[in-house]
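# kindly return the folded structure for what I paste below:
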Amino acid sequence: MSVMTENEYLIRLLRGLLKNQPAEEPPEGCGLRKVFELAQRHSVAGMAYYAVETLNTPLDGELAAQWRQVRDKAIVKDITQQTELDAIGGAFSAEGVRFLPLKGCVIKQLYPQSDMRTMSDIDLLIDDENAAKARYIMTGLGYSCEHFDYEHHDVYFKPPVMNVEVHRELLGEEGRDFKCVFPDPWEFCEQNEGLRYRFRDNEFFAYILAHAIKHLDEGGTGIRTVMDLWVCLNSDMNIDREKVFAMLEPSGKGGRARLLVGLADVWFGEKPHTEQTCALERYILGSGTYGNIGNVITNDMERSGKKEYVLRLFFPTFQHMKRQYPVLKKAPVLLPFCWLARLVTKPFVNWRANCEKMKRIIKK
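Next up is the predicted model:
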């Protein structure tokens, strides 16, 4: 008889909460401290606390206080984020800026309690031509602009916990495989209150699947992502999964989409494991919420080959470089000088990640 691991037990706790079932007592040998650490890695600790606080098995006093604090902080952050989203939405609408809340902003409303689904930041999509106006609005609301006109989104921060990403593209360069699916995302939307828009149900599910696959292929993703899929499919949303899979087929990622949904059905439904879902489970459980640098490097080398990866590591493409060196937008001829500057400075930035990259290259 197989012994239940802490990973399996954590998923059972979450499944019980989603199905409004009593929490299972931890099996012999299952350490709640390790369950807590796993839950933290996958950004589901606050949610899991709602289950563990009902257990007959007593929690260690220090662990109980630490775990409860994570849940309490999630509640406060949830209230703050929703209040700020309303304020931002009102200001955008008043200034004629249409916006589309993305990802966690929408999904958290489908959970039994919105604070159960944490999010590190608020993600909004706007029209590219409104980026400067959005910056004016955000700074007027007390936000500092951390990054502007860098990559496909602008980043704003307000102490102590508010991070907002204002996207000018839905998925950016990393999600280029899905541009054929979402050539103009606004075509898949309906207008709500003010200038706030929402995806139609099938299109929203296609988008969060595309986003999940993008992270999966980059460096991995976590339990929360798979749970989001199950929550959407079992909510009041009218989702036709076969239509969604058909939408994603032109991207070449239809198989990945089916596999992710299949794992959601295994973890939170009643479907049995297959060889493919077992392999995906191992990969995801080792990834954490946003994946890890080891997965990123391995996946990049497998996609492009070792020689191409090393070449792009030292001499990134012009598209990549102009995001780091905005001067290239006006003077592309400076690319060789920017490469040189990067070669000089890069070793001293994120040196741990750089060391990991070199280790992986040597092993490969």
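# which other helices and strands contact the host helix or strand of T83?
Remark: T83 resides in helix 61-94, with elements defined by DSSP states H and E. Using 3 or more C-beta pairs under 8 Å, 6 or more residues apart in numbering; DSSP states H and E as the contact test, the elements touching helix 61-94 are helix 32-41, helix 45-52, strand 122-125, helix 131-140, strand 162-167. C-betas here are computed from N, CA, C, even on glycine.
# H147: which of these is closest?
Closest approach to H147 among those is made by strand 162-167 (9.1 Å; C-beta to C-beta).
# after the closest one, next one along is what?
For strand 162-167, the following helix or strand on the C-terminal side (DSSP H and E) is strand 189-191.
# direction included, what does the helix or strand following that next one pair against?
Counting by DSSP H and E, the next helix or strand C-terminal to strand 189-191 is strand 197-199. With DSSP bridges as the test, strand 197-199 is paired with strand 189-191 (antiparallel).
# same question for the strand it pairs with, mean pLDDT?
Average pLDDT, strand 189-191: 94.
# which residue sits closest to Q191, ignoring its sequence neighbours?
Y197 (5.5 Å; C-beta to C-beta, 6 or more residues apart in numbering).
# isn't the one you found right up against F188?
No - between Y197 and F188 no contact is recorded; they are 9.6 Å apart, counting by C-beta atoms under 8 Å.
# have a look at those two and say which one is more surrounded.
Between Y197 and F188, counted using other C-beta atoms under 10 Å, the more crowded position is F188 (21 against 18).
# host element of the residue lying closest to that one once chain neighbours are set aside?
Excluding the flanking residues, the one nearest F188 by C-beta to C-beta, 6+ apart is E203, at 3.7 Å. Per DSSP H and E, E203 falls inside helix 201-218.
# ok, N20 next?
For N20, there is no enclosing helix or strand under DSSP H and E.
# OK, contacts around it?
By C-beta atoms under 8 Å, 6 or more residues apart in numbering, the residues touching N20 are P112.
# quick check: it vs I11, distance?
Separation of N20 from I11 (C-beta to C-beta, to the nearest Å): 16 Å.
# just to revisit the earlier point, any idea how far G89 is from the residue nearest to Q191?
Distance of Y197 to G89, computed by C-beta to C-beta: 10 Å.
# returning to what we had before: what's the helix holding E203 packed up against?
helix 223-233, helix 241-248, helix 254-268, helix 293-304.
# winner for burial among those?
With neighbours taken as mean count of other C-beta atoms under 10 Å, the helices and strands packed on helix 201-218 reach their highest mean count in helix 223-233, at a mean of 23.
# just the mean pLDDT for the helix holding T83, thanks.
The pLDDT scores in helix 61-94 average 96.
# now stretch 12-30
For stretch 12-30, the per-residue pLDDT averages 94.
# so where's the protein shaky on pLDDT?
Applying pLDDT under 70 to the chain flags residues 1-3, 288-310, 313, 323, 346-364.
# what's the domain layout of it?
Following automatic domain parsing, one gets these domains for the chain: 1-59, 312-363.
# would you reformat these as a markdown table and include distance to L259?
Converted to a markdown table, those look like this (distance: least, C-beta to C-beta, whole Å):
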| stretch | distance to L259 |
| --- | --- |
| domain 1-59 | 17 |
| domain 312-363 | 25 |
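# pick the most buried one from these.
domain 1-59 (a mean of 17).
# so how far is that one off the chain centroid?
Computed by C-alpha atoms, centre = their mean, to the nearest Å, the chain-centroid distance of domain 1-59 equals 22 Å.
# hang on, isn't T221 packed against I284?
Yes - in this structure, T221 is within contact of I284 by C-beta under 8 Å, at 6.3 Å.
# the more surrounded of those two?
The neighbour count for T221 versus I284, taken as other C-beta under 10 Å, is higher for T221 (26 against 22).
# where's that one relative to T277, distance?
For T221, the distance to T277 - C-beta to C-beta - is 15 Å.
# again with F36
Distance from F36 to T277, by C-beta to C-beta: 26 Å.
# then F178?
23 Å.
# quick one, which of the two is more surrounded?
A count of neighbours by other C-beta under 10 Å puts F178 above the other of F178 and T277, at 24 against 19.
# could you find the closest non-adjacent residue to that one?
Nearest residue to F178 in three dimensions, chain neighbours excluded: A210, at 4.4 Å (C-beta to C-beta, 6+ apart).
# list the residues that contact the one you found.
Applying C-beta under 8 Å, 6+ apart, we find A210 in contact with L171, G175, F178, V181, F182, L248, S251, K253.
# I'd like those as TSV, with distance to R312 appended.
Below are the contacts of A210 laid out as TSV (distance: C-beta to C-beta, whole Å):
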residue	distance to R312
L171	20
G175	18
F178	21
V181	26
F182	26
L248	27
S251	22
K253	22
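# out of the residues you listed, which end up buried?
Taking 16 or more other C-beta atoms under 10 Å as the criterion, what is buried in these is L171, G175, F178, V181, F182, L248, S251, K253.
# quick one: neighbours of the closest residue to the second one other than its chain neighbours, just the number.
So the one you mean is G175. What sits nearest to G175 in space, not counting adjacent residues and going by C-beta to C-beta, 6+ apart, is K214, at 4.7 Å. Using other C-beta under 10 Å, K214 is surrounded by 19 other residues.
# residues contacting K214?
Residues near K214 by C-beta under 8 Å, 6+ apart: L171, E174, G175, D177, F178.
# I'd like the distance between the last one and G269.
I take that to be F178. Distance check for F178 against G269: by C-beta to C-beta, it reads 26 Å.
# may I have the phi/psi pair for the residue lying closest to D127 once chain neighbours are set aside?
Nearest residue to D127, sequence neighbours excluded (C-beta to C-beta, 6+ apart): R98, at 6.7 Å. Main-chain dihedrals, R98, degrees, to the nearest 10: phi -80, psi 150.
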